[in-house]
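>>> Let's see this in three dimensions:
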Amino acid sequence: MKQEFRIGFIGLGKMGSAICAHILKEKYQVSVYNRTCAKAEPFVRKGAAVVGSPREAAEKSDIVLTSLMDDASVFEMCAGDDGAIAGLKPGGIHIGLTTILPSTANKLRDLHKENHTHYLAAPVLGRPDAAAAGSLISILGGDSGSIETVRPIVDCYSKKIIPIHGAPGRANALKVCVNYFAMTQMVMFGEVFAFTEKSDLHKEIIFGFAQMILVSPAR
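Sure, this is the predicted structure:
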C-alpha cells in the first residue's frame, strides 16, 4: 500500500514541471512554490496547493523536492529563516534534483543534520522530454534508509534508479562523470569527422564504423 506522504515541490522550470506533474498523477498531496507565481498556476488545476515561500512548502510536507538552476539558487531556497530546511520537521527528507558540486551536496547534508532532517542528492540523466515521458535515470545518493523511503516518489518520474549509499555528494560526482563522458564523446566525433573531410573519406563509412563501435559488446 502506498504511504501517504505530503510532498513539497520547489522550482517549476522545464524539468521541475515535468517531474512534479508525474508526482501529482500518483495522487500525492503536493504543495508547490516557484519564484514566478504564474508557473505554479497550472498545477492548481491538477490538484496542487500553491504556497508563498520555500519554508511554507516544507512546513506542509514530509518530503521536499527542489529543482533549481545551480548551487547558489539551491542555497537561496533552502538555507536561512525562510528556507526549506527551516520548515522541515525532524525526520523530513529533502530530495535535491539539481546538478550541483559534490561539496555543495555534502554541505546541504550537514545543514540538514543540524536540523534533524535528511538530504538526498538526486541528479537525473535525461532531457526535459525524457522527464515528460517519465523515463529519467535518477542517481540517488545518501543514507540507505532515506533512499528506500523515497523510492516510490522517485519511481514516479524515473525509468531507473541508481542508489549510491553514503555521502550524497557521491551521486553528484557520478553525474559529473557522466557529463564528462558525453562531452568528450562529442569532441571526439567532431575531430573524427573533421579529419574525415580533410582525408576525402565518405562520412557514411565513418558512420558505419561508429555504429559498430557503439553497439558492439565490450571485449
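>>> residues in contact with residue 156?
Residues near residue 156 by C-beta atoms under 8 Å, 6 or more residues apart in numbering: 19, 22, 23, 25, 26, 134. In short, each C-beta sits where N, CA and C put it, glycine included.
>>> Show me the helices in the chain, by range?
For the chain, the helices defined by DSSP state H occupy 14-25, 41-45, 54-59, 71-78, 84-87, 102-114, 128-133, 144-155, 169-198, 203-215.
>>> which secondary element of the chain has the worst mean pLDDT?
Among the helical and strand segments of the chain, the one scoring lowest on mean pLDDT, DSSP states H and E is helix 203-215, with a mean of 72.
>>> Tell me which residues are up against it.
Identification of contacts with helix 203-215 by C-beta under 8 Å, 6+ apart yields 189, 192, 193, 196, 197.
>>> Put together JSON lines for the residues you listed, with neighbour count on each row.
Output for the contacts of helix 203-215, formatted as JSON lines (neighbours: other C-beta atoms under 10 Å):
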{"residue": "189", "neighbour count": "12"}
{"residue": "192", "neighbour count": "13"}
{"residue": "193", "neighbour count": "15"}
{"residue": "196", "neighbour count": "15"}
{"residue": "197", "neighbour count": "10"}
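>>> Let me know the closest of those residues to residue 65.
The shortest gap between residue 65 and any of those belongs to residue 189, at 34.9 Å (C-beta to C-beta).
>>> What's the separation between the closest residue to that closest one other than its chain neighbours and residue 204?
The shortest distance from residue 189 to any non-neighbouring residue, by C-beta to C-beta, 6 or more residues apart in numbering, is to residue 210 (7.2 Å). Using C-beta to C-beta, to the nearest Å, residue 210 is found at 11 Å from residue 204.
>>> Show me which positions of stretch 19-26 end up buried.
The neighbour-count check on stretch 19-26 (16 or more other C-beta atoms under 10 Å) flags 19, 20, 21, 22, 23, 24 as buried.
>>> What is the nearest of those residues to residue 173?
residue 19 (21.9 Å).
>>> and the residue nearest to residue 87 when sequence neighbours are not counted, how many neighbours does it have?
Using C-beta to C-beta, 6+ apart and skipping the chain neighbours, the partner closest in space to residue 87 is residue 58 (3.0 Å). Residues within reach of residue 58, counting by other C-beta atoms under 10 Å, total 29.
>>> Can you report phi and psi for the most centrally placed residue in the chain?
A centroid search over the chain (C-alpha atoms, centre = their mean) returns residue 97, at 2.5 Å, as the residue closest to the centre. The phi/psi pair for residue 97 (degrees, to the nearest 10) reads phi -90, psi -20.
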